[in-house]
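**Q** Next come a sequence and a model predicted from it.
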Number of protein chains: 6
Amino acid sequence: MERNFSNAERAEVLTQALPHIQKYAGKIVVIKYGGNAMVNEAIREQVMQDMVLLRQVGVRVVLVHGGGPEITAMMNALGKEARFIDGLRVTDQETVDIVQMVLAGKINKTLVGLIGAKGGRAIGLSGLDDQLIVARQKDEKLGFVGDIVRVNTQPILDLLDRGYIPVVSTLGVGDKGEVYNINGDTAAACLAGALHAERMILMTDIAGLLRDPSDPGTLIPDITLSDAMDLMASGVISGGMIPKVECCIRAINEGVHRVIIMDGRVPHSILMELLTNEGAGTMVRKEDLP
Amino acid sequence: MERNFSNAERAEVLTQALPHIQKYAGKIVVIKYGGNAMVNEAIREQVMQDMVLLRQVGVRVVLVHGGGPEITAMMNALGKEARFIDGLRVTDQETVDIVQMVLAGKINKTLVGLIGAKGGRAIGLSGLDDQLIVARQKDEKLGFVGDIVRVNTQPILDLLDRGYIPVVSTLGVGDKGEVYNINGDTAAACLAGALHAERMILMTDIAGLLRDPSDPGTLIPDITLSDAMDLMASGVISGGMIPKVECCIRAINEGVHRVIIMDGRVPHSILMELLTNEGAGTMVRKEDLP
Amino acid sequence: MERNFSNAERAEVLTQALPHIQKYAGKIVVIKYGGNAMVNEAIREQVMQDMVLLRQVGVRVVLVHGGGPEITAMMNALGKEARFIDGLRVTDQETVDIVQMVLAGKINKTLVGLIGAKGGRAIGLSGLDDQLIVARQKDEKLGFVGDIVRVNTQPILDLLDRGYIPVVSTLGVGDKGEVYNINGDTAAACLAGALHAERMILMTDIAGLLRDPSDPGTLIPDITLSDAMDLMASGVISGGMIPKVECCIRAINEGVHRVIIMDGRVPHSILMELLTNEGAGTMVRKEDLP
Amino acid sequence: MERNFSNAERAEVLTQALPHIQKYAGKIVVIKYGGNAMVNEAIREQVMQDMVLLRQVGVRVVLVHGGGPEITAMMNALGKEARFIDGLRVTDQETVDIVQMVLAGKINKTLVGLIGAKGGRAIGLSGLDDQLIVARQKDEKLGFVGDIVRVNTQPILDLLDRGYIPVVSTLGVGDKGEVYNINGDTAAACLAGALHAERMILMTDIAGLLRDPSDPGTLIPDITLSDAMDLMASGVISGGMIPKVECCIRAINEGVHRVIIMDGRVPHSILMELLTNEGAGTMVRKEDLP
Amino acid sequence: MERNFSNAERAEVLTQALPHIQKYAGKIVVIKYGGNAMVNEAIREQVMQDMVLLRQVGVRVVLVHGGGPEITAMMNALGKEARFIDGLRVTDQETVDIVQMVLAGKINKTLVGLIGAKGGRAIGLSGLDDQLIVARQKDEKLGFVGDIVRVNTQPILDLLDRGYIPVVSTLGVGDKGEVYNINGDTAAACLAGALHAERMILMTDIAGLLRDPSDPGTLIPDITLSDAMDLMASGVISGGMIPKVECCIRAINEGVHRVIIMDGRVPHSILMELLTNEGAGTMVRKEDLP
Amino acid sequence: MERNFSNAERAEVLTQALPHIQKYAGKIVVIKYGGNAMVNEAIREQVMQDMVLLRQVGVRVVLVHGGGPEITAMMNALGKEARFIDGLRVTDQETVDIVQMVLAGKINKTLVGLIGAKGGRAIGLSGLDDQLIVARQKDEKLGFVGDIVRVNTQPILDLLDRGYIPVVSTLGVGDKGEVYNINGDTAAACLAGALHAERMILMTDIAGLLRDPSDPGTLIPDITLSDAMDLMASGVISGGMIPKVECCIRAINEGVHRVIIMDGRVPHSILMELLTNEGAGTMVRKEDLP
């Protein structure tokens, strides 16, 4: 149901958004979409609408998604059992086929369809399309788990130039055409780096970096790479946050201007981050940027 | 002073604006700017900001302005006395020089500067630039009062293509290079028609067309050309409203899709009209459009 | 293993192909890929290589695929039972989800990957990407079985312009974003018609239209629409061939120049049809074309 | 009245102009227009015709104008009295408003109109249009007298690309949108430098640089920057010529190839300079150019 | 030797040329070059310089040449004897080879070289280049004398677009690649018609159409097609003028706006015709053009 | 007569050509055409057909030709006697005129016509067109024998961009417009170097470089520049092969990737070299390329 705002209120909100729109117009923003924001249907709708709005006001958004829970669900439905070595999932041919089906077929096209239903123009890509993400085997024992060798930004740039929102499934393709399961955050970081994105937004199920994980009041709004590394060394950043921060480091080192670790559970958090004075979550940046 | 909205509120307003933005993206909207909206400094700032916002979200806005009161003020300052024949101002060479200076020099460039200060990119044109508005003498006794002969949309389209907001002073140029004073509403209607504008917005100091001019509650939100003509014939529309309605008729007959007579005294009325469900003022349309 | 040809032989084959290459250069050819040519791995590799070759010599190929057998296999693996009404499969939400996953995720991306491995540049699309195929429910009792309402050729043309081979999964999208299962041949015909394709090639598991289905020697190499309709009326064309011929009729009526019903079991049949004097299968054409 | 030339004479003149036309085709020439050439109506017509001719034969001309005498006349007409500090005019808000009106409204648009009447296509710009000339206050005591901070060549280049002759009023705009009075010669030099103009022509009311100001026979046709500085040091160049020479130095240091100090009182002096072997006035150049 | 003109004189000539330059800017002018203007070396140099000048000021000139006398001279040098049937030269294989060599090799490239030496950019074409002029045998008895079947304007337009002056030898090519000797005036007329040229100029060795061939004072400056046909019927136009006039008729009927029969013996006659008020020779036009 | 290949055979040949086509797509290949391949009519037809095929599959071919034997024949026919100084032909004005006629008129346009008859689109150029090859006199005693001063690749690139096959006669033009006879191999090398061609193919009447000129079994398939120079020093490469090898050296030093000395007497040798695994003749390459 639409809430009622007065004309003056609407105008004020739009007007206050203007300088932010101007700031991002024509810039590439890569959004790594996952976690609760993808599971919760209401938030998913909002995120897709935010994509359409951002594209409409001139931001060149690229949506990168993973899909762990849906993959697991499909494996269960098919009676496949998971095997792990050193905490990494052994991915046989059957498993990577399921990953491909679920990511590129189910999740990707559903997101593309949602964007279309909101009036946006999306095209879904996977790492296989025009060899967008070329990968090689990480470790023979793990099967089709891949490390990224090379990112081909051409299809992304072609789609952006023609006005589309590219939606990317993070599969990798090997030099014999074999498919690899790729870590989604890493893929997003590599892609954002190769695109020299203005922003990379990492949607997570936490509020951002916290000095004290148990106290949301200790959120760090803004941090430099070196401070982030210090916090990892001193153990303040730990557990599941470590790969997220490592992903930020990678993205920034490969050319992204700023990375935001964002709370995907908050409605319209992307819009808030990009189009208002209030940021959301933690912004990570290189030291030498003011 | 910025009012405080919650994230959710901001997101909701922006989201509700999206379908409207999509509707006008890439379309030409001609705004005839004048009256109180031009005199009141606060509203003027808002209108300029609205221009920048609309352009930023993809609307191809063209701002057309008059400037009667400032012309009169300058004439007074220079000690020129006004003479009228049948209610039309006799315009000698000195007068038309003043008109040119005030419109193309003072008002036009001030608006262009305001748009620039808001982060927009405007270029000011007059009817003399690339012979945008070619005119001829209406009546020898009136001197340099002109009727429009031809509109050259090329410079407007060139500026729109390069991303600028054209701001137009309604002077006319004769075939010997002489300058004419032109009725601003008529010039806007001709220009909007020649551009096949999606919308022409006529900013006035009234609420719109009223069935009873003394009762704002009798505002007509939507009217067809033939009904408007009936209301003129029956005297419901009378006085100063007649030229406004005639201007609407001309614009629509020359190819504009819809004309809105809008209350320029209401803050952000243009934004309201274009980006919300609530219209402002009276929309005039051809019968055969649904 | 590569066979050995003499220089003179190679030159002769290439030279004989030249007038055919010239004939199709820059033209759109839609290939409906399915049946044995898709199941047989060796032939699948060849078809993909033919796509790359045709694109390289200037033909604007569009590959449209179905995937019935793989859908059935996945349904079986997931323990879904098929239900039919009047010979049409009842498609509930779970079924259409499987169709989407298998077509757009498994088959489409595998083909895209194969083309990439041959040095081609393919991008996979489904009917959901930029609302390529808009559909509506055929019959409430059948669930998510759709009729095509509208084809949006823009994404196909954009990809062709940028040098890609579009690979299309024949899903449809409804106006609420719901997904429909669409008949693949019909979708290919509509797409080819909307693209005004020079040729549509329908890969089947038969030799073409036969006067006597039991005698391959009675192959009809070339037939007009009206003769084809006569043969249907007289019962010569019957059974599974009827929908194929109806698909040809639809394609030609919507603007395709010629449709070829081709035997997909023959290696390199597409190359033979397009780049040699020998056709393959049956060519259907309008009467008034010489 | 047209003089009569024989066919042979006309052909010879045109033919002799050809190598000069070839030399400047596609090059940017900035003309600082002022002094007698602007006041004398006959010469003004000729200069405008020269602009049209030069543009027609492929020279990318940019006309920059001042307007001191007309500003003074308008101030007098409005009863404003001039105040000076250290020889610089104190410019209050009212004065800068008059400057804006006269330059951007009266002179600029009159020139644009004259070019149009000769069949040329001109668009008038001021420093406010797309923030062409950004300035800041020189000295608080002087009010709205500005120093140039930054030149935005984009609107000039956009207009040149589309075939227009840009006509520029030398106003400056501050970061709060305030307008500044800018020295015209300096503005032209900065603009020409930012455009890397092939030539800047400075129209003056003197014959050029003279070794003996009282003897026109001592005209220096060609001088290097260092020689010009020596002549200033030794007092040969003095008085009103000093700012002109300083303007040349600035233009050349900012990237202009050559600057010509030209006698604007001589009819068609620009045409003579650019399209014949005879130069007019004094050409200033860097040492290291042959 | 350069004559001395005063600055004022040069300026006046250039200025008087301006409206003519504006009139032809961007328009196609086909010049059929031949006769004395091609034989006389001094005039040939002038014509080439005129080509360069016209191109430089924006006219899209196309130079079409014949070369009868040089062909005859080469045939004599090679000891070939001419044979005629009904006044038409019998053209055997050896003869058409000589025609090709002389036209496309000697004359065409010499003209191209002369234009280059004047600073112009010319590319020479023959009817064989990209099958510019497709012809068929006129009469078996005449051998390789051809009638024009089709003109391919693409290479001409491509060269004009890239800024070149196309110089065309009037050979024709048959569908087996055989070469035909084509009447030069007819070829020029067909080419000018296919290009919808603004003007076609036919350089001849006469002053134009004369009412009394023995009295140059009876030159007809301007004539309509129907009047020209009347003059042919009444015998006023006779002899060698008849094919010239028939060529004019053909050109105009195929879409050329005006054809000028010009005296190529007069120096710079093309320049005079196009860039001054004085025409040269006789202008032929359709009745219904004012 | 067309030989009969089976479908499978045709497909195999085309398929095996694909990686080669992909390798050269969009690359420039300069072919120096001469010797027996130009004299033998059947091979000439094949070479022209190969040109059309290569262009059709995306190779940007440039054909450079000489024509010694035909020049000599024409000189004989015209009764001109040859004079030599130190083995170089003395070229007087009459001789260079014959060279121009035969190369640019006879041979060039005949090749262009043949390409057209095969469905290709060729335009013939000489060194005079847009001053493609600027030359100066080598030695006064030799008359119009020229050394290359500068190559202007613009017309070649313009024609390639528009899809044409440029066919180049190796004449040179001097700064006064005089024509020079230029060594064809040298001209091809300079042109290929200036174009940074991927390949230059030198068609000769020998099998390639042989260790023992009397034994075709000693063909050197692949050699580096330094090894080739060693073989010249040691006398293995001698006689007529020396200028060929010097031409290779020049081409490679000026930027060509590889040069192939090819046996033009073998049918379709170009096609074999570019589109099969078997090379033909000897490939010369720089040391530092793998």
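**A** Received the coordinates, thanks.
**Q** Need the three-state assignment for A:Met203.
**A** Classification of A:Met203 using DSSP: H, G, I helix; E, B strand; the rest coil returns strand.
**Q** Without its sequence neighbours, what residue ends up closest to the closest residue to chain C within chain A?
**A** Residue nearest to chain C within chain A: A:Gly105 (1.8 Å; CB to the nearest CB). Where you see a C-beta, it was placed from the backbone N, CA and C, and this is true even at glycine. Spatial nearest neighbour of A:Gly105, chain neighbours left out: C:Gly105 (1.8 Å); criterion: CB to CB, 6 or more residues apart in numbering or on different chains.
**Q** on that earlier part again, burial check on the residue of chain A closest to chain C, number of neighbours?
**A** By the criterion of other CB atoms under 10 Å in any protein chain shown, A:Gly105 has 30 neighbours.
**Q** Could you give the backbone dihedrals for it?
**A** Backbone torsions of A:Gly105, given as degrees, to the nearest 10, read phi -100, psi -50.
**Q** What residues does it make contact with?
**A** Contacts for A:Gly105 (CB atoms under 8 Å, 6 or more residues apart in numbering or on different chains) come out as C:100-106, C:108-109.
**Q** Which PyMOL command selects the buried ones in those?
**A** Remark: buried members of the contacts of A:Gly105, expressed as a PyMOL selection using 16 or more other CB atoms under 10 Å in any protein chain shown:
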select buried, chain C and resi 100+101+102+103+104+105+106+108+109
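**Q** what's the closest of the contacts of A:Gly105 to chain A?
**A** Among the contacts of A:Gly105, C:Gly105 lies closest to chain A (CB to the nearest CB), at 1.8 Å.
**Q** which residues touch the closest residue in space to A:Asp92 that isn't next to it in sequence?
**A** Nearest residue to A:Asp92, sequence neighbours excluded (CB to CB, 6+ apart): A:Gly143, at 5.1 Å. Neighbouring residues of A:Gly143 by CB under 8 Å, 6+ apart: A:90-93, A:95-96, A:137.
**Q** If we use 10 Å, what do you get?
**A** For A:Gly143, the contact set (CB atoms under 10 Å, 6 or more residues apart in numbering or on different chains) comprises A:83, A:85, A:89-96, A:137, A:180-181.
**Q** Go ahead and confirm A:Asp161 touches A:Ile28.
**A** No - in this structure A:Asp161 lies outside contact range of A:Ile28 using CB atoms under 10 Å: 11.6 Å.
**Q** Please identify which of the two sits among more neighbours.
**A** Ranked by neighbour count (other CB under 10 Å), A:Asp161 and A:Ile28 place A:Ile28 first, with 23 against 11.
**Q** Does the more buried one have any beta-bridge partners, and if so which?
**A** According to DSSP bridges, the partner residues bridging A:Ile28 are A:Arg60.
**Q** wait, what's in contact with it?
**A** So A:Ile28 contacts A:59-62, A:153, A:156-157, A:160, A:191-192, A:195-200, A:256-257 (CB under 10 Å, 6+ apart).
**Q** how about 6 Å then?
**A** A:60, A:195, A:197-198 (CB atoms under 6 Å, 6 or more residues apart in numbering or on different chains).
**Q** Likewise for A:Leu114?
**A** By CB under 6 Å, 6+ apart, the neighbours of A:Leu114 are A:48, C:177.
**Q** Sheet partners, orientation included, of the lowest-mean-pLDDT helix or strand in chain A?
**A** Across the helices and strands of chain A, the lowest-confidence element by mean pLDDT, DSSP states H and E is strand A:88-89, at a mean of 78. Sheet pairing of strand A:88-89 (DSSP bridges) gives strand A:84-85 (antiparallel).
**Q** Give me the contacts around the strand it pairs with.
**A** A:Lys141.
**Q** same question for that strand, mean pLDDT?
**A** For strand A:84-85, the mean per-residue pLDDT is 83.
**Q** gap between that strand and the chain center?
**A** 26 Å (CA atoms, centre = their mean, to the nearest Å).
**Q** And stretch A:275-290, by the same measure?
**A** Using CA atoms, centre = their mean, the offset of stretch A:275-290 from its chain centre is 17 Å.
**Q** What's the local residue count around the residue nearest to A:Gly177 when sequence neighbours are not counted?
**A** Excluding its sequence neighbours, the residue lying closest to A:Gly177 (CB to CB, 6+ apart) is C:Ala117, at 3.5 Å. C:Ala117 has 20 neighbours, counted by other CB under 10 Å.
**Q** Residues in a beta bridge with A:Asp263, which ones?
**A** Beta-bridge partners, per DSSP bridges, of A:Asp263: A:Thr204.
**Q** Could you report the pLDDT at it?
**A** 89.
**Q** ok, which residues in the stretch 51-200 of chain A are in contact with chain D?
**A** Contact residues, the stretch 51-200 of chain A versus chain D (CB under 6 Å from any CB of the partner chain): none.
**Q** Do you have the strands of the stretch 51-200 of chain A handy? List them.
**A** Applying DSSP state E, counting those that start in this stretch to the stretch 51-200 of chain A gives strands spanning A:60-65, A:84-85, A:88-89, A:122-126, A:133-137, A:146-151, A:165-169, A:171-173, A:179-181, A:199-204.
**Q** and the residue of the stretch 101-250 of chain A nearest chain B?
**A** Taking CB to the nearest CB, the stretch 101-250 of chain A has A:Gly119 as its residue nearest chain B, at 5.0 Å.
**Q** Next, the contact list for A:Leu157, please.
**A** Here A:Leu157 is in contact with no residue (CB under 6 Å, 6+ apart).
**Q** what residues are up against the residue lying closest to A:Asp212 once chain neighbours are set aside?
**A** Spatial nearest neighbour of A:Asp212, excluding adjacent residues (CB to CB, 6+ apart): A:Thr218 at 4.5 Å. Contacts for A:Thr218 (CB under 6 Å, 6+ apart) come out as A:210-212.
**Q** next one: A:Leu191
**A** A:Leu191 touches A:Val151, counting by CB under 6 Å, 6+ apart.
**Q** go on, the one 3 residues further on?
**A** By CB under 6 Å, 6+ apart, the contact list for A:Ala194 reads A:151, A:153.
**Q** Next one: A:Ser6 relative to B:Thr110, how far apart?
**A** According to CB to CB, to the nearest Å, A:Ser6 and B:Thr110 sit 30 Å apart.
**Q** any idea which residue sits dead centre in chain A?
**A** When chain A is reduced to its mean C-alpha position, the nearest residue by CA atoms, centre = their mean turns out to be A:Lys32, at 0.3 Å.
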